[in-house]
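1. from the sequence below, what's the structure:
(one chain, ligands or ions: 2)
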Amino acid sequence: MDKQSKIYVAGHRGLVGSAIVRKLNAAGYSKIITRTSKELDLRKQVEVGVFFEEEQPEYVFLAAAKVGGILANSTYPGQFLYDNLMIQTNVIEAARQIEVKKLLFLGSTCIYPKMAPQPLKEEYLLTGELESTNEAYAIAKIAGIKMCNAYNKEYKTNFISVMPTNLYGPNDNFDLQSSHVLPALIRKIHEAKMNNESTVSVWGSGRPLREFLHADDLADACVHLMKHCDAEQVGEFINIGTGKEISIEQLALLLCEVIGYEGKLVFDISKPDGTPRKLTDVSKLHHLGWKHSIELKEGAQDAYSWYLDNVIKS
Ligand SMILES: NC(=O)C1=CN([C@@H]2O[C@H](COP(=O)(O)OP(=O)(O)OC[C@H]3O[C@@H](n4cnc5c(N)ncnc54)[C@H](OP(=O)(O)O)[C@@H]3O)[C@@H](O)[C@H]2O)C=CC1
Ligand SMILES: C[C@H]1O[C@H](OP(=O)(O)OP(=O)(O)OC[C@H]2O[C@@H](n3cnc4c(=O)[nH]c(N)nc43)[C@H](O)[C@@H]2O)[C@@H](O)[C@@H](O)C1=O
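-> Ligands and ions are numbered 1, 2, ... in the order given. Predicted coordinates for the structure are as follows:
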């Protein structure tokens, strides 16, 4: 991939897609193609095919998807399955038809079995029952991995699949019903502080462990892999993470410190905990020459600053 390559970033307005566009712009890539979901609904196969025929991208970052936290995933499994299957299937097939040089597909570490050994190694895929709260989404993502690998085998494409851990950063989703835990807690703790509330509600027991990677780090890893690692080096897919975990309770306490809130945490056990742990084994990623650089405390401060500058002040 060189600075004149035609690069399509699907989902460019999202948490991941916008980070990838920022990273590519900063590195001097000048031919970046984007479309909003209003301009191009990637669930529509014919429209996707016409777009690829007309634009002829050479590289594709597939960061468009229907994405949400534990409550959204467990409430709308049909939409999560349908939208993600349609989006990824249409884009991967259209990329094959016009012989895109390379495509990077974004999955998620929710693809692993609920009780898989930790840290999660890539070979643990499909070795056990999935976590029920996001099974539909996980099945879609597993189908995407299998499709990229099937196309590499049959059509000799160069399609790589990456499985990031939980992400956060600029352009995250702060809607309290559909978001992930970190942006939800930033908003809830900030609002508790502004409204002088004595408590803030944390869903579940607070005991689950999660790993958090800043979207700018993820974007850096995606560009690194797109530039330097082909399908045979990546293998079936590759984890992207920090290899470090924290409990939800400790995350909430860290965010209270970052935001300057001194009230109490109240745990709402009517909400699901989800999978108890999903810590990535990142040895394969390190072996391919990439390691994260943004630690959680620094990243959380950056995410809160972005929230203040772009959500509160807007
Ligand atoms: N957030 C996280 O914690 C994690 C995310 N991932 C993966 O990273 C990828 C991106 O996630 P994230 O950036 O968080 O998601 P966001 O919800 O922030 O962004 C998703 C993007 O997809 C686009 N999109 C959704 N539906 C359609 C559609 N029908 N047609 C065209 N575009 C569509 C949206 O476009 P528009 O804005 O124009 O509507 C949006 O920009 C996903 O594959 C997700 O599975 C993996 C692990 C963790
Ligand atoms: C990236 C990954 O993200 C999803 O999996 P998840 O990690 O379980 O998602 P989550 O971030 O929503 O929750 C993590 C933990 O945090 C707790 N929690 C506390 N308080 C809030 C809260 O206010 N909101 C949310 N959402 N969770 C909260 C919550 O109860 C749970 O124990 C997949 O659906 C899928 O999208 C996927 O791939």
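
2. so what touches the helix or strand harbouring residue 267?
-> Take DSSP states H and E as the rule and residue 267 turns out to sit in strand 264-268. Residues from elsewhere that reach strand 264-268, judged by CB atoms under 8 Å, 6 or more residues apart in numbering: 198-206, 249, 252-253, 256. Every residue, glycine included, has its C-beta placed from N, CA and C.

3. in the stretch 201-314 of the chain, what residue spans correspond to helices?
-> Applying DSSP state H, counting those that start in this stretch to the stretch 201-314 of the chain gives helices spanning 215-228, 231-234, 248-259, 283-287, 296-307.

4. try the stretch 1-150 of the chain
-> 15-26, 45-55, 70-75, 77-97, 135-155.

5. tabulate those (JSON lines), appending mean pLDDT and mean neighbour count.
-> Below are these laid out as JSON lines (pLDDT from 0 to 100; neighbours: other CB atoms under 10 Å):
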{"stretch": "helix 15-26", "mean pLDDT": "98", "mean neighbour count": "21"}
{"stretch": "helix 45-55", "mean pLDDT": "98", "mean neighbour count": "15"}
{"stretch": "helix 70-75", "mean pLDDT": "96", "mean neighbour count": "20"}
{"stretch": "helix 77-97", "mean pLDDT": "98", "mean neighbour count": "20"}
{"stretch": "helix 135-155", "mean pLDDT": "98", "mean neighbour count": "19"}
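
6. between the ones you listed, which gets nearest to residue 262?
-> Taking CB to CB, helix 70-75 is the member of the helices of the stretch 1-150 of the chain nearest to residue 262, at 27.2 Å.

7. what is the closest one packed up against?
-> For helix 70-75, there is no helix or strand it packs on, judged by 3 or more CB pairs under 8 Å, 6 or more residues apart in numbering; DSSP states H and E.

8. alpha carbons of that helix, in CSV - could you do that?
-> What follows is helix 70-75 as a C-alpha-only set of coordinates in CSV (Å, rounded to 0.1, in the frame of the first residue of the first chain):
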residue,chain,number,x,y,z
ILE,A,70,-24.1,-6.0,25.9
LEU,A,71,-27.7,-4.7,26.3
ALA,A,72,-28.1,-3.8,22.6
ASN,A,73,-26.6,-7.2,21.5
SER,A,74,-28.9,-9.2,23.8
THR,A,75,-31.9,-7.1,22.8
